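Enquirer: Structure of the sequence below:
(2 chains)
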Amino acid sequence: MKLDTDPYKGVRDFYPDDKARLTALFAIVQDVLAKYGYSEYDASPLERAELYESKTSEEIVNEQTYTFTDRGDRKVTLRPEMTPTLARMAAAKRREIPFPLRWYSIGNRFRYERPQKGRLREFYQVDVDLVGAPEGEADLEVIRVGRDVLRAFGAGDETFSIRINSRKLLTAACKASALKDEDHASYMRLLDRKNKMEASEFEEKQKELVGDGKDPLACIDGADDPSVKEEKEKLETFIATLKERGIENVVYDPTLVRGFDYYTGVIFEFFDTDPSNARALFGGGRYDNLLSLFSNDEIPAVGFAFGDVTLQDFLETHDLLPEVDFSSHIYLATPSEENIPAAQAFANELREQGLSVFVNLSGKKIGDQIKDAEKRNITHVIVYGEDEAKSSMVTLKNIETGDELETKKENILDLINESL
RNA sequence: GCGACCAUAGUUUAGUGGUAAAACUUCGGUUUGUGGUACCGACAUCGAGAGUUCGAUUCUCUCUGGCCGCCCCA
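Expert: Numbering: from 1, shown residues only, chains lettered A, B, ... in the order given. Predicted structure coming up:
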């Protein structure tokens, strides 16, 4: 019985093509983030389990983490998300580095779940956070960054909508309603699922929690309660400001809740407008209390994250996946094995000039080598044998067009650049 | 964690209670410095284990994996 070549359940192998695509995707993202002055940080995927125990959602911690005990009896968790790590790192250096921080991180996250469409046990995620700035401009900026990331891929405003809500508003509405304090969390969970169920089913379940009294959504609509009114107006102003600044595809969504317990203010999701991929692409919000887990200093923060799987699903749905070509510029074919050292030396000269060169090491027939170049998507071939080693001239063959061009060795760079 | 469906070469699929076909891919070849076509050849203990049977890839069960829905979420 041979070993299985499949990767572990719910995780992926990244073959060169896949890896190149992922890298290309993130390069586009990083480019946008750099323009906003965000710098990259990273950390180990291993964290103390306690980091997640108080503030992440209960279900994620209890049922969806990879948690184990190490040889020193420490409880260890493979990070299911990055925000607690970011909070830990930011809190640790709060007296050393200038705030606010504009930080991002790209890395893998682990969740022990049943894999299915757009959901795996290991996925890559970009986390973008602005730490140390109060609500207002920071929140506006972060949403704009998200919008610009999608724009950088060529996604128009019609391909996604930005759903916005406020945890403060939800909390105020829950308090103003007939809801009991201990039922706030269950109500929010119900609200989160509202769009997935029939209106009648929602009414029924809402009634179970609220009874005949006023429900939170009605409180928001009526806005008679002063704190509901205040939060509602703040949210309306926030949305209006986004629109004034050119972000038009924003919509208030009273049922948006978000799963993580640590959110305290504005929450948002970038949602694919295509019905075939109806899901959240980016999700985030303000979490002003998370850093106080680590210190007495209050450090407000806002941020969002998105996964590689959902991003690729989105780009595919809208036909926006960038073309990736990572093949070499030039293929050096060698008529016999004796020519290989000379070909390598010539390849090195070309590499010095910045070209990427593939040298054939097989010593097979030239015809086979050209076939090989074709399979590898390398369009330019130079047969490099004794004659070429002696001469200052070389023949550059374009295997797409079949054209051959005899040229001086030092002119190759220019010729390649022209054809690209 | 719950439920549905699926599981034959690297891939996509045929097929049968008596040990399996095809296309494409990959690799090798069609005699030695120039390819894309054509031709020949190689590559499957039919996901794993158990049961029924004279005999199972084909039927049953269990497991594993995939895929999808729920839950949750990116």
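Enquirer: pull the helix or strand with minimum mean pLDDT from chain A.
Expert: Least confident helix or strand, chain A: helix A:58-63 with a mean of 64, by mean pLDDT, DSSP states H and E.
Enquirer: does RNA strand B sit close to the very next helix or strand once past that helix?
Expert: Using DSSP states H and E, the next helix or strand after helix A:58-63 towards the C-terminus is strand A:66-69. No - applying C-beta under 7 Å from any atom of the strand, one finds strand A:66-69 out of contact with RNA strand B, separated by at least 12.1 Å. Where you see a C-beta, it was placed from the backbone N, CA and C, and this is true even at glycine.
Enquirer: in its sheet, what does strand A:66-69 sit against?
Expert: Taking DSSP bridges as the criterion, strand A:66-69 sits next to strand A:75-78 (antiparallel) in its sheet.
Enquirer: Let me see the contact set for A:Leu120.
Expert: Counting by C-beta atoms under 8 Å, 6 or more residues apart in numbering, A:Leu120 makes contact with A:10-12, A:309.
Enquirer: Let's see that with 6 Å instead.
Expert: Counting by C-beta atoms under 6 Å, 6 or more residues apart in numbering, A:Leu120 makes contact with A:Gly10.
Enquirer: what's the answer for A:Gly154, then?
Expert: A:Gly154 neighbours (C-beta under 6 Å, 6+ apart): A:Leu320.
Enquirer: Now do the same for A:Phe271: its pLDDT.
Expert: Looking at A:Phe271, its pLDDT reads 90.
Enquirer: Quick one: neighbours of A:Leu311, just the number.
Expert: The tally of other residues near A:Leu311 (other C-beta atoms under 10 Å) stands at 24.
Enquirer: so how far is A:Ile28 from it?
Expert: Using C-beta to C-beta, to the nearest Å, A:Leu311 is found at 10 Å from A:Ile28.
Enquirer: before we move on, what about A:Glu298?
Expert: Counting by C-beta to C-beta, the gap from A:Glu298 to A:Ile28 is 35 Å.
Enquirer: Neighbour count: those two, which is higher?
Expert: The neighbour comparison of A:Glu298 against A:Ile28 (other C-beta under 10 Å) goes to A:Ile28, with 14 against 10.
Enquirer: need the strands for the stretch 101-250 of chain A, in chain order.
Expert: Listed in chain order, the strands of the stretch 101-250 of chain A (DSSP state E, counting those that start in this stretch) span A:101-110, A:122-131, A:160-166, A:250-252.
Enquirer: So for RNA strand B, which of these sits nearest?
Expert: RNA strand B lies closest to strand A:122-131 among these, at 3.6 Å (C-beta to the nearest atom of the strand).
Enquirer: partners of the closest one, with directions?
Expert: strand A:101-110 (antiparallel), strand A:301-307 (antiparallel).
Enquirer: shouldn't A:Ile162 be in contact with A:Tyr252?
Expert: No - if you go by C-beta atoms under 6 Å, A:Ile162 and A:Tyr252 don't touch, sitting 10.2 Å apart.
Enquirer: more crowded one of those two?
Expert: Legend: neighbour count by other C-beta under 10 Å for A:Ile162 and A:Tyr252, higher for A:Ile162 (22 against 16).
Enquirer: got the end-to-end distance for stretch A:156-167?
Expert: Terminal residues of stretch A:156-167 are spaced 28 Å apart (C-alpha to C-alpha, to the nearest Å).
Enquirer: How far off centre is that stretch?
Expert: 17 Å (C-alpha atoms, centre = their mean, to the nearest Å).
Enquirer: for it, which positions count as buried?
Expert: Buried residues in stretch A:156-167, counted by 16 or more other C-beta atoms under 10 Å: A:157, A:159-167.
Enquirer: ok, these vs A:Glu352, which is closest?
Expert: Ranked by distance to A:Glu352 (C-beta to C-beta), the buried residues of stretch A:156-167 are led by A:Thr159 at 44.0 Å.
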